[in-house]
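Enquirer: Next comes the sequence, and after it the predicted model I'd like to discuss.
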Amino acid sequence: MNSLKKILEKRILNFGPMSISDFMIESNQNPNFGYYNTSFPFGKKGDFITAPEVSQMFGELIGLWIVDCWQKMGEPKKFNIIELGPGTGILILDALRAINLNQKCKKACNKIYLLEISNKLKKIQKKNLLKKNFNFFNKIEWVNTIEKIEDSPFVLIANEFFDALPVQQIELTQKGWRERLINFNNKKKFYFTLSNHRTLLEKFLPNLLEENIKIGEIYEVPVQMIVLLNEIFKKISKIKSFILIIDYIKKETYGSTIKSIKNQKILNPLKHPGLSDMSVNVDFNIIKRISKNFNLKQHGPKTQRNFLIKLGILERAKILNKNAKLKERKNMNSSLDFLINENKMGKIFQAISLSNCNVKNPDGF
Ligand code: SAH
C-alpha cells in the first residue's frame, strides 16, 4: 500500500468518512506524496498531454492574444501577466516568444506571476524558463496565493487549471440533499458513502426547479474554484484587465465527473490516490454566474477549435510548414489536428474570457 493511502486510511479511521475535496487535495497536492509533487504528468510519455505540450503554436497564439488584450486595455504603461498552474512552463515560454515581437508590449509587461502549488513543477518551470526567456526572467515571480499579486492591470491565463481543483459532491436522497463522502472498508478499499446530515453545500445549487431533479442525482460544488474566482474577479472589477480560461467543459449540470488518469488511461479515482491525476470537468455556468456578480463582460464560451482557428492557427501552421522538413511537417499536421479536431481536443476543451473593458470582443471570440 502506498504511503498516501495509509495516511488517508488512518484519517478516516480516526475521524470518520472524509469529503471528496479533502481526498482530492491530498491526492493531488500532498507536499510529500501528492501527485503533482511526485510524478511528471505531462507529455507523450507522461500521464496526460495538455495543449501547449502538443504544439508550440498554442502558446504562441496565447502570447498574441495577450498583446491584443493589452492593446484593447489602451496600452497601459505597466501591466502584469498571470498564469495559473503553469505545468512545465511551456505555455508561458511560447507566449513570451510571441510577446517578444512587440517591444512596446514587452516593455509594458511589468511582472509575470506564476501561481503554482507544486515545488517539483516550480523547479521544472524555473529550469525551462531560464533556458530561453527572452530577457523576461527577472520579471517572473512565483506566488502561492492571488493576494500576493499587486493591483495593476493584468491579463490572466488558466489552461487546464480549474479541472485540477477539488470538488465536493451532494446527492439528492429521499431526505433531501446529502454530501457524498469517502469511507474505507475492511477489504482496504475506499468507497463512496453519504452523510446523514443536511449540508450547507445546498446553497450552491443553481436556481432550477427541484422537481426536475431525480433521486440519486449528483451535483458537484467546486469550492476551491469558487473561492479563487471570487478573489480574481474582485481584483479585475477594480482595474481594466482580461481573463482567459480554457478547460474541459462540463456538459451536464448534474452528474459526477471525477476521474483519475494514469498513462493516458482513465482509472477508478479511488484506487490510486497520489499516483494518478484526479480531475473533474469544469462547470462554465458557475464561472458565468460568479462573473455576473462582479458585472464583468463575458466572451464565449467557444470551442478550442473555433477559438484557435479565429486566432489564426491555420495560417501559423502554414508558415511553420513552409520551413519544415517532411517528418516535422507530418508531426505538425498531426499536432494541429489534435488541437482542433472535434473528436480530439477541439470540442471538449472550451475557452471563455472575462473582462471589465468596454470592448466588443477580445481576439478569438
Ligand atoms: N497549464 C498547464 C498545466 C496544467 S496541469 C498546461 O496547460 O500544460 C495543472 C497545473 O496546476 C499544474 O502545474 C499543477 O501543479 C497546478 N496546480 C494544481 N492545483 C493547484 C493549486 N491549488 N494552486 C496552484 N497550482 C495548482
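Expert: Looks like it arrived, so ask away. Numbers count the residues shown, from 1 in each chain.
Enquirer: which non-adjacent residue is nearest the closest residue to the ligand within the stretch 201-350 of the chain?
Expert: Residue nearest to the ligand within the stretch 201-350 of the chain: residue 224 (6.3 Å; Cβ to the nearest ligand atom). For the C-beta atoms, the positions are set from N, CA and C on the backbone; glycine is no exception. Distances taken as Cβ to Cβ, 6 or more residues apart in numbering place residue 165 nearest to residue 224, at 4.4 Å, with adjacent residues excluded.
Enquirer: mind checking pLDDT for the one you found?
Expert: The pLDDT attached to residue 165 in the predicted structure is 95.
Enquirer: That one touches residue 227, doesn't it?
Expert: No - at 9.5 Å, residue 165 does not count as touching residue 227 under the criterion of Cβ atoms under 8 Å.
Enquirer: which of those two has more neighbours?
Expert: Legend: neighbour count by other Cβ atoms under 10 Å for residue 165 and residue 227, higher for residue 165 (23 against 12).
Enquirer: Now do the same contact list for the more buried one.
Expert: 222, 224-225, 228, 280 (Cβ atoms under 8 Å, 6 or more residues apart in numbering).
Enquirer: Can you give me the end-to-end span of stretch 341-356?
Expert: Stretch 341-356 stretches 32 Å from its first residue to its last (Cα to Cα, to the nearest Å).
Enquirer: meant to ask about stretch 343-350
Expert: 13 Å.
Enquirer: That stretch near the ligand anywhere?
Expert: No - interface with the ligand: stretch 343-350 contributes nothing (Cβ under 6 Å from any ligand atom), its closest point being 10.2 Å away.
Enquirer: who's in contact with that stretch?
Expert: Contacts for stretch 343-350 (Cβ under 8 Å, 6+ apart): 51, 54, 160, 246-249, 284, 300-305, 307, 337-340.
Enquirer: Residue 341 and residue 304 touch, don't they?
Expert: No - using Cβ under 8 Å, residue 341 makes no contact with residue 304, being 10.0 Å away.
Enquirer: secondary structure class for residue 142?
Expert: Classification of residue 142 by DSSP: H, G, I helix; E, B strand; the rest coil places it in strand.
Enquirer: Tell me the spacing between the residue lying closest to it once chain neighbours are set aside and residue 121.
Expert: Nearest residue to residue 142 in three dimensions, chain neighbours excluded: residue 114, at 5.2 Å (Cβ to Cβ, 6+ apart). Distance from residue 114 to residue 121, counting by Cβ to Cβ, to the nearest Å: 10 Å.
Enquirer: Name the residues contacting each of those two.
Expert: With Cβ under 8 Å, 6+ apart as the test, residue 114 and residue 121 both reach residue 86.
Enquirer: In three-state terms, how would residue 129 be classified?
Expert: helix.
Enquirer: now the stretch 1-150 of the chain, which segments are flagged as low pLDDT?
Expert: Scanning the stretch 1-150 of the chain for pLDDT under 70 picks out the ranges 1, 44.
Enquirer: How about the contacts made by the closest residue to the ligand within it?
Expert: Closest residue of the stretch 1-150 of the chain to the ligand, Cβ to the nearest ligand atom: residue 85 (2.3 Å). By Cβ under 8 Å, 6+ apart, the residues touching residue 85 are 115-117, 158-161, 164.
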